[in-house]
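Participant: Just to be clear, the model below is a prediction. Sequence and coordinates:
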Amino acid sequence: MDLLNTLVDKGLRREVPSREEALAVLATPDDDLLDVVAAAGRVRRHWFGRRVKLNYLVNLKSGLCPEDCSYCSQRLGSTAGILKYTWLKPDEASKAAAAGLAGGAKRICLVASGRGPTDRDVDRVSDTIKTIKEQNQDVEVCACLGLLSDGQAERLRAAGADAYNHNLNTSEATYGDITTTHTYADRVDTVHKAHAAGLSACSGLIAGMGESDEDLVDVVFSLRELDPDSVPVNFLIPVEGTPLATEWNLTPQRCLRILAMVRFVCPDVEVRIAGGREVHLRTMQPLALHLANSIFLGDYLTTEGQAGQADLEMIADAGFEVEGTDQVTLPQHRVAEGSGGCGSHEDADRGSHEDAGCGSHGSVGCGSREGGAVCGTAAAPAASEPRTDLVAVRRRGAGTDLAPNA
C-alpha cells in the first residue's frame, strides 16, 4: 500500500504524517490489518529494537475522588465496588513497588486519586519516592497525583521523581462530555509544569469512550505538540457503577489500528499499552507488541490485569525481550535533546488513559481470576459483545493483605 510505505518512510525520518494519513490508518479494512501492523512494526523496531519496557503501578490512595470523570471507577458518585483506602505509608508503598521490580519492572508509577495534591500530599509522596529509591537501585519513579500547583513539580523532582503522568484522555472538542469538574486546559497546564520542572512528561489517551476517528487523531496530534516522552494508550474498561459502563465499542482489530496510528504519529516516543489490553486486545495482545514498546506489568489501579508471569511469557513467546535497567528507553537523539529524567525526552516536535493516570485502567486476564476468558475453554463471544467476564475489581496488592500480581 502506498499509504503504508509513505508512513514508514516518514516514521524513519521522524516526519509528522498528515491528519488525512492518520485517519486513513484508522479506516483500513480488516484484510489489510496485518500489513498495517507490519508497517508500524518497522518503525517501532527501528527506534526501539525488540525491547519492551515494563512499568508497575502502585495505587497510593484509592477511591473517593471529587472529580466526575465519566470513565473512572474512583470518580465522584461511582458505585463501583472498588478498594477504598487512604495514603499508603512510604514503607508500604516501597514493599508494593519491590514486588513489581522483582517481576521485571523498570519504572514504578505512584498514583493517587484526587483533583490534585496538597503541599502535605507532595511531602508524603516525596518521602515515598525517597524510600523507594533508597531501597531499590536504578529504579525510575513516575508520579501521578492529578493537577499540579506552582512549585509542586519542582519539589517532586527534588525528591527524586523522574517523570510525571497526566493524560489528555480525549480531544479538546469532546473533553467537556466526559468531565465537568476540570478542563482540558487544566490538563495541558500540568503537563507543561512537569516539563518546566525537568521531569519526563508522560501523557496519553483513552480510546473507546464513544469518540470519533477525528477525536482520536486530534488528541494524538495534540500529544505530539505537547512533547511527552511516553504516551500511554488506554482502552476503556467499562466498569459497572460508572457512566460509561455500557460503552463496549472496541474490537481487537480497532485497538491495533489505534496503536499503529499512534506509532506513526509519534515514531520515536515510548508508546505504552496501558489499561484495557486484556479486555479488548485479548488473544491479540502479542501483535500489539509490534506497535508499542512498553506495557504495564500485573494489575492496574482498581482492576485486575493479566498475571505477571503470563506477561513475561507473552513477551518472550512473541520474540521480544524485557528492557533492562542498564538500557536507555528512548533513542539517543532524544536523550541528547531531552530535559527530564530517565534519558527519555523526545524530539521537540513529537507530540494517556484514565484519570488517575500512568495508564491505570484495569482489567482481568489469563490467570487473574477463575474462568478468565482470555485462556478459558468456554465458547468465545463475538467481538462486539460486552466482555464483562474480563473485568474484575482488584482485591490484592496495595491496600490489602494479599500478595500483589507481579
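Facilitator: The structure has been received and is ready for your questions.
Participant: which non-adjacent residue is nearest Thr246?
Facilitator: The shortest distance from Thr246 to any non-neighbouring residue, by CB to CB, 6 or more residues apart in numbering, is to Pro238 (6.5 Å). For the C-beta atoms, the positions are set from N, CA and C on the backbone; glycine is no exception.
Participant: How about Cys202?
Facilitator: Asn165 (4.0 Å).
Participant: go on, Ala40?
Facilitator: Closest to Ala40 by CB to CB, 6+ apart is Ala260, at 4.0 Å.
Participant: can you tell me how far the residue nearest to Thr246 sits from Ala99?
Facilitator: 28 Å (CB to CB, to the nearest Å).
Participant: my guess is Ala40 contacts Leu259, does it?
Facilitator: Yes. With contact defined as CB atoms under 8 Å, Ala40 reaches Leu259; the gap is 7.4 Å.
Participant: With just CA atoms, put the helix or strand of the chain with the lowest mean pLDDT into PDB.
Facilitator: The helix or strand of the chain with the poorest confidence is helix 332-337; it has a mean of 83 (mean pLDDT, DSSP states H and E). Output in PDB follows, covering the C-alpha atoms of helix 332-337 (Å, rounded to 0.1, in the frame of the first residue of the first chain):
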ATOM      1  CA  GLN A 332      20.000   8.700  21.600                       C
ATOM      2  CA  HIS A 333      18.900  11.800  19.700                       C
ATOM      3  CA  ARG A 334      16.000  12.300  22.200                       C
ATOM      4  CA  VAL A 335      18.300  11.700  25.200                       C
ATOM      5  CA  ALA A 336      20.600  14.400  23.900                       C
ATOM      6  CA  GLU A 337      17.800  16.800  23.400                       C
END
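Participant: ok so, going back, the residue nearest to Cys202: how many residues sit nearby?
Facilitator: 33 (other CB atoms under 10 Å).
Participant: Tell me if I'm right that it and Leu145 touch.
Facilitator: No. Asn165 lies out of contact with Leu145 (CB under 8 Å); the separation is 9.1 Å.
Participant: how many neighbours does Tyr85 have?
Facilitator: Neighbour tally, Tyr85, other CB under 10 Å: 14.
Participant: Could you do Pro232 as well?
Facilitator: 33.
Participant: Now do it against Pro90, distance only.
Facilitator: Taking CB to CB, one finds Pro232 at 25 Å from Pro90.
Participant: Give me the common contacts of Asn165 and Leu145.
Facilitator: Val111 (CB atoms under 8 Å, 6 or more residues apart in numbering).
Participant: for the stretch 201-350 of the chain, what spans make up the helices?
Facilitator: Under the criterion DSSP state H, counting those that start in this stretch, the stretch 201-350 of the chain contains helices at 213-226, 252-265, 285-288, 308-317, 332-337.
Participant: closest to Met1 out of the ones you listed?
Facilitator: Across these, Met1 has its closest neighbour in helix 252-265 (12.4 Å, CB to CB).
Participant: now the angle between helix 213-226 and the closest one, please.
Facilitator: Put simply, helix 252-265 runs at 30 degrees to helix 213-226, going by axes from the mean of the first three to the mean of the last three CA atoms, to 10 degrees.
Participant: would you say Ala22 is within a helix?
Facilitator: Yes. With DSSP: H, G, I helix; E, B strand; the rest coil as the criterion, Ala22 is part of a helix.
Participant: Which residue is the nearest non-sequential neighbour of it?
Facilitator: Val217 (4.7 Å).
Participant: related to what we said a few turns ago, may I have the phi/psi pair for the residue nearest to Cys202?
Facilitator: phi -110, psi 130 (degrees, to the nearest 10).
Participant: burial measure for Glu92, as a count.
Facilitator: Neighbours around Glu92, by other CB under 10 Å: 16.
Participant: List the residues that contact the residue nearest to Ala40.
Facilitator: 25, 36-37, 39-40, 291 are the contacts of Ala260 under CB under 8 Å, 6+ apart.
Participant: Output the contacting helices and strands for the longest strand seen in the chain.
Facilitator: Looking across the chain with DSSP state E, the single longest strand is strand 51-61. If you count contacts as 3 or more CB pairs under 8 Å, 6 or more residues apart in numbering; DSSP states H and E, strand 51-61 packs onto helix 90-102, strand 107-112, strand 270-273, strand 294-296, strand 321-322.
Participant: if you set the cut-off to 7 Å instead, what comes out?
Facilitator: Using 3 or more CB pairs under 7 Å, 6 or more residues apart in numbering; DSSP states H and E, the elements in contact with strand 51-61 are helix 90-102, strand 107-112, strand 294-296, strand 321-322.
Participant: Compare the contacts of Ala260 and tell me which is most surrounded.
Facilitator: Going by other CB under 10 Å, Ala40 tops the contacts of Ala260 with 28 neighbours.
Participant: buried set for the least confident helix or strand of the chain?
Facilitator: For helix 332-337, a neighbour-count test (16 or more other CB atoms under 10 Å) marks Arg334 as buried.
Participant: Strands along the stretch 101-250 of the chain, start to end?
Facilitator: In the stretch 101-250 of the chain, the segments counted as strands under DSSP state E, counting those that start in this stretch are 107-112, 140-144, 163-165, 200-202, 205-207, 230-235.
Participant: Indicate which one of the ones you listed is closest to Thr388.
Facilitator: Short answer: strand 230-235, nearest of the strands of the stretch 101-250 of the chain by CB to CB, at 14.8 Å.
Participant: Find residues that contact each of Ala40 and Leu259.
Facilitator: Leu291 (CB atoms under 7 Å, 6 or more residues apart in numbering).
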